[in-house]
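J.: let's see this in three dimensions:
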Amino acid sequence: MKSKLFLVGMALAAMALHACSETADLIEVVKPVPAIRTENFPVKPIKVDSTVVLRVYYQPSNGCGRFSRIDSTTTQPSSTTKVTNVQFFAAYPEEGQDVVCTAQAKESQYTLNYKAKTVGKHIFKFWKTDSEFVSDTVTVEAR
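T.: Purely as a prediction, here's the structure:
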């Protein structure tokens, strides 16, 4: 009995490891992933030409979701304000394939090295839902 349980456990572990490996021959679909929170956005203004390391956290919908890409657009609604909209995407195995994914994914971190090139307010809006964003701001002043 114990040997059967051991074999079943080993088979499930092997399937789980193979199912979500990046080298598996899986057909994948890419879907948007919500941002959860930000870190390291400076509270005080920074000087122009300074670089800050910003962190954004996101969470795929299951354990097989892995980072795919980021899309961003920047607008300048005024001479002193820039708004950058950012959306994260994760790749998932297409349904119908023989994969085993955990129901809950680990929170993932994306690091952005941002060099402020213009004075003003730089607003970052990270997509959460079609009507919600996780927003944060970097204020930049002259040297």
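
J.: please report phi then psi for the spatially closest residue to Q59 that is not a sequence neighbour.
T.: Using C-beta to C-beta, 6 or more residues apart in numbering and skipping the chain neighbours, the partner closest in space to Q59 is E107 (5.0 Å). In this view, the C-beta of every residue, glycine as well, is placed from N, C-alpha and C. Main-chain torsions, E107, degrees, to the nearest 10: phi -60, psi 140.

J.: any idea how far E107 is from T73?
T.: From E107 across to T73, the span is 25 Å (C-beta to C-beta, to the nearest Å).

J.: which residues does the closest residue to S79 other than its chain neighbours contact?
T.: In space, and not counting its chain neighbours, S79 is closest to G120: 7.5 Å by C-beta to C-beta, 6+ apart. The neighbours of G120, taking C-beta atoms under 8 Å, 6 or more residues apart in numbering as the test, are S79, T80, T81, K82, T139, V140.

J.: so of those residues, which ones are in helices?
T.: Secondary structure assignment by DSSP state H places none of the contacts of G120 in helices.

J.: identify the residue nearest the geometric centre of the chain.
T.: Closest to where the C-alpha atoms of the chain average out (C-alpha atoms, centre = their mean) is Y58, at 4.3 Å.
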